[in-house]
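1. quick one: sequence and predicted model below, then my questions.
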There are 2 protein chains.
Amino acid sequence: MDIGGTSTVALALDPAGQVEAEIQLPTLKGTQGLLDTVERAVAGLTERSGRDRAEFTSLGIGIPGQIDHELGMVQHAYNIGIDSLALGPLLQERLGIPVSIDNDVTAAAIGAAHLMHLEGTTAYLNLGTGLAAGCVIDGLPVRGAHGITGEIGHLAIDPLLRQCPCGQKGCLETVASGSALTSFWRPDASGHLLMTAVAAGDPEATHALEQLIAGAATAVRLLVLTLDPHSLVIGGGLRLLGEPLISGIRENLDRSAAVSPFLASLEINSRIRILPEDSSAAAVGAALSYQS
Amino acid sequence: MDIGGTSTVALALDPAGQVEAEIQLPTLKGTQGLLDTVERAVAGLTERSGRDRAEFTSLGIGIPGQIDHELGMVQHAYNIGIDSLALGPLLQERLGIPVSIDNDVTAAAIGAAHLMHLEGTTAYLNLGTGLAAGCVIDGLPVRGAHGITGEIGHLAIDPLLRQCPCGQKGCLETVASGSALTSFWRPDASGHLLMTAVAAGDPEATHALEQLIAGAATAVRLLVLTLDPHSLVIGGGLRLLGEPLISGIRENLDRSAAVSPFLASLEINSRIRILPEDSSAAAVGAALSYQS
């Protein structure tokens, strides 16, 4: 399951990792809402797959926030109304099967590497409401010490020094994320609105897109220089802006490589893959994460 | 062996990883010089350890540059006069034992994690002539796709926008490295000179130290937000500046945590370890890297 602030995507995978059934439903907030959402999703998958509930052998969940995978703890998942919850143990008791909890971006990285058949090191850059990354090395996710692997959106390096809700100024997330668009362009920002305004020559929209591109390209360089991944997958809702964003990022990377033989030798652009539009990477990765 | 631009440190380790013999000798440059250096080091270790040469079962080398560990290739090790060399195969033929080649910072990360008994994920930040990092997860180094894992010194994010030899402007290495001190403070810069000048109230020296501290603290935050390591080891020659540098980095991290509950929750300062002054982490890590 990929549990997001608005909706939850749940999949039933067969032992070979093929999707048997899928359901999407609204995410109910708070502890009770979250538990109800999961139970409704399981019931829906039982119905759609025609499988007996006893045939479900494990449950994997990708969810925003700071996750302790070993304890199944979720912290700071504010957009689901959760401050701190032992989600794994609670669900395990209710459902009677092993439950694995991962950060949603880590789950998406696992799923993307699996679905896109990527080997070696895969870095996953999520351009969504927030900006974050995940990393999978030879099929295994890098989960880190405190469940905050890949929180590069809160590296405060942007010269605009915009105030971030985290308290710092200039976090990458304040320029290259959906929340940056709603906070600093317009509160009702959407990808469609942005591209329409850019097409109409709106200078503020153009500036917002330029910032988004520059911040995303910086995030790509950061991930390549730190992790040296074989593949770097761009996912998250903002990728659906499509060519203007993606070609903008590629051109930015080309410009930096043009002045630096070192950067050019890294062939960053050739490592980039875009997550397909209809991919359920996070839900698939969550389901697989019980084994990894 | 830890082969540096000036000198080479070679160790003989017993099967349990204990040091049996150690030798330090000048690094001779170019292909022939490099091969001669290694052979002289092996001869010296044979003598000092009292072991027969046939008892040496493998050789591990840490060396600057872009390394293809699988092929034993060294590229761009300019301070040793090497542009591109199949060092591993050449040495394997000459010595008749398996040879493992790693980047020197990666080797130091392996050695530091081993010598300091660090578990989980260890990030290693090398504050030396250059600025670079290494990463070890559960004893295994992250080597990446193109042998450039941890080259964070060339992330161009510093607002001073100083020209970097790599072609970019504002690379972290242009403020937080030994080469930054010689390029932008004074050509004869040394740690001792810097600290003497700072103590005498020299404003340019003070500025250079402040930049060094700020850049190093940014590198620490970058590594923690990307890799979420259990431990972050600061190594490299500049760490020998001691307390003024280390406490400066810690205070910078505290200041950023003071404005950001999120950063504060990461407890970055408590993850920091300083590589002991007399550590041969890179040579030990290189020797161990044949197994990892």
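-> Received it, and whenever you're ready, just let me know what you need. Remember, predicted model here, so these are calculated numbers, not experimental data. Numbers count the residues shown, from 1 in each chain, chains lettered A, B, ... in the order given.

2. show me which helix runs longest in chain A.
-> Among all segments of chain A classified by DSSP state H, the helix with the greatest residue count is helix A:203-227.

3. any idea of the mean pLDDT in that helix?
-> Averaging the model's pLDDT scores along helix A:203-227 yields 98.

4. any buried residues in it, and which?
-> Residues of helix A:203-227 classed as buried by neighbour count (16 or more other C-beta atoms under 10 Å in any protein chain shown): A:205, A:208-209, A:211-227. No exception for glycine: its C-beta is placed from N, CA and C like everyone else's.

5. also stretch A:168-178?
-> In terms of neighbour count (16+ other C-beta under 10 Å), stretch A:168-178 has its buried residues at A:168, A:170-178.

6. from those, pick the one nearest chain B.
-> Nearest to chain B among these, counting by C-beta to the nearest C-beta, is A:Gln168 at 4.8 Å.

7. verify the stated contact: A:Val105 with A:Tyr124.
-> Yes - using C-beta atoms under 8 Å, A:Val105 and A:Tyr124 qualify as a contacting pair, with a distance of 6.7 Å.

8. so for these two, which sits in the more crowded spot?
-> Under the criterion of other C-beta atoms under 10 Å in any protein chain shown, the comparison of A:Val105 against A:Tyr124 puts A:Tyr124 first, with 34 against 29.

9. show me what that one is bridged to.
-> With beta bridges defined as DSSP bridges, A:Tyr124 has these partners: A:Gly134, A:Val233.

10. I figured it hits A:Ala107, correct?
-> No - contact between A:Tyr124 and A:Ala107 fails when scored by C-beta under 8 Å: they sit 9.7 Å apart.

11. need the residues touching each of the two.
-> Residues touching both A:Tyr124 and A:Ala107 (C-beta atoms under 8 Å, 6 or more residues apart in numbering or on different chains) are A:Gly134.

12. shared neighbours of A:Val105 and A:Tyr124, anything?
-> The contact sets of A:Val105 and A:Tyr124 overlap at A:133-134, A:150 (C-beta under 8 Å, 6+ apart).

13. and the stretch 151-292 of chain A, which residues reach chain B?
-> Applying the criterion C-beta under 8 Å from any C-beta of the partner chain, the portion of the stretch 151-292 of chain A that neighbours chain B consists of A:151-152, A:154-157, A:159, A:164, A:166-168, A:218, A:221-223, A:225-230, A:256, A:259-263, A:265-267, A:271.

14. for the closest residue to A:Asn79 other than its chain neighbours, give its distance to chain B.
-> Leaving out its chain neighbours, the residue that sits closest to A:Asn79 by C-beta to C-beta, 6 or more residues apart in numbering or on different chains is A:Gly5, at 3.5 Å. For A:Gly5, the distance to chain B equals 18 Å [C-beta to the nearest C-beta, to the nearest Å].

15. burial count for A:Gly5?
-> Neighbours of A:Gly5 under the rule other C-beta under 10 Å: 17.

16. I'd say it and A:Thr129 touch.
-> Yes - taking C-beta under 8 Å as the definition, A:Gly5 is a contact partner of A:Thr129 at 7.3 Å.

17. common neighbours of the two, please.
-> Residues touching both A:Gly5 and A:Thr129 (C-beta under 8 Å, 6+ apart): A:Asn79.

18. neighbours around A:Ser231, how many?
-> A:Ser231 is surrounded by 21 other residues when neighbours are defined as other C-beta under 10 Å.

19. and it, how far from A:Ala113?
-> According to C-beta to C-beta, to the nearest Å, A:Ser231 stands 8 Å off from A:Ala113.

20. so what's the residue of the stretch 151-292 of chain A found nearest chain B closest to, chain neighbours aside?
-> With C-beta to the nearest C-beta, the shortest gap between the stretch 151-292 of chain A and chain B falls at A:Asp228, namely 2.6 Å. Distances taken as C-beta to C-beta, 6+ apart place B:Gly144 nearest to A:Asp228, at 2.6 Å, with adjacent residues excluded.

21. right, and that neighbour touches A:Thr226 too?
-> No - between B:Gly144 and A:Thr226 no contact is recorded; they are 9.2 Å apart, counting by C-beta under 8 Å.

22. which residues of the stretch 151-292 of chain A fall in helices?
-> Counting by DSSP state H, counting those that start in this stretch, the segments of the stretch 151-292 of chain A that form helices are A:178-184, A:191-199, A:203-227, A:243-259, A:261-265, A:268-271, A:281-288.

23. can those helices go into CSV with extra columns for distance to B:Gly65?
-> Conversion of the helices of the stretch 151-292 of chain A to CSV gives the following (distance: least, C-beta to C-beta, whole Å):
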stretch, distance to B:Gly65
helix A:178-184, 38
helix A:191-199, 43
helix A:203-227, 16
helix A:243-259, 20
helix A:261-265, 12
helix A:268-271, 19
helix A:281-288, 35
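
24. hey, where'd the strands end up in chain A?
-> Counting by DSSP state E, chain A has strands at residues A:2-3, A:7-13, A:19-26, A:59-63, A:66-68, A:73-77, A:82-85, A:99-103, A:121-127, A:131-137, A:140-141, A:231-235, A:272-274.

25. dump the third one to CSV, restricted to CA.
-> Read that as strand A:19-26. What follows is strand A:19-26, C-alpha atoms only, in CSV (Å, rounded to 0.1, in the frame of the first residue of the first chain):
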residue,chain,number,x,y,z
VAL,A,19,-0.2,-7.5,-9.7
GLU,A,20,-3.3,-9.5,-9.1
ALA,A,21,-5.6,-6.7,-7.9
GLU,A,22,-5.6,-3.0,-7.3
ILE,A,23,-7.7,-0.6,-5.4
GLN,A,24,-7.6,3.1,-4.7
LEU,A,25,-9.5,4.7,-1.9
PRO,A,26,-9.4,8.0,0.1
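
26. what is that strand packed up against?
-> Helices and strands in packing contact with strand A:19-26 are listed as strand A:7-13, helix A:30-49; criterion 3 or more C-beta pairs under 8 Å, 6 or more residues apart in numbering or on different chains; DSSP states H and E.

27. between these, which one is nearest to chain B?
-> When the helices and strands packed on strand A:19-26 are compared for distance to chain B using C-beta to the nearest C-beta, the nearest one is helix A:30-49, at 20.9 Å.

28. need the residues of the stretch 1-150 of chain A near chain B, please.
-> A:66, A:120-121, A:133, A:137, A:142-150.

29. looking at these, which two lie furthest apart in space?
-> By the measure C-beta to C-beta, the residues of the stretch 1-150 of chain A next to chain B have their two most distant members at A:Gln66 and A:Gly120, which lie 27.2 Å apart.

30. so between those two, which is more surrounded?
-> Each of A:Gln66 and A:Gly120 had its neighbours counted (other C-beta under 10 Å), and the higher figure belongs to A:Gln66 (19 against 16).

31. quick one: residues contacting the more buried one.
-> Counting by C-beta under 8 Å, 6+ apart, A:Gln66 touches A:74-76, A:103, A:146-148, B:265.

32. then A:Val99?
-> Neighbouring residues of A:Val99 by C-beta under 8 Å, 6+ apart: A:58-61, A:72, A:87-89, A:91-92.

33. of all these, which comes closest to chain B?
-> For these, the closest approach to chain B (C-beta to the nearest C-beta) belongs to A:Gly72, at 17.7 Å.

34. A:Glu93 is in contact with the closest one, correct?
-> No - with contact taken as C-beta under 8 Å, A:Gly72 and A:Glu93 are classed as non-touching, separated by 10.9 Å.

35. and these two? Which one has more around it.
-> When A:Gly72 and A:Glu93 are compared on other C-beta under 10 Å, the one with more neighbours turns out to be A:Gly72, at 21 against 10.

36. so what pLDDT did that one get?
-> With respect to pLDDT, A:Gly72 scores 96.

37. quick one, phi/psi of it?
-> Comment: the main-chain dihedrals of A:Gly72 come out as phi 70, psi 30, following degrees, to the nearest 10.
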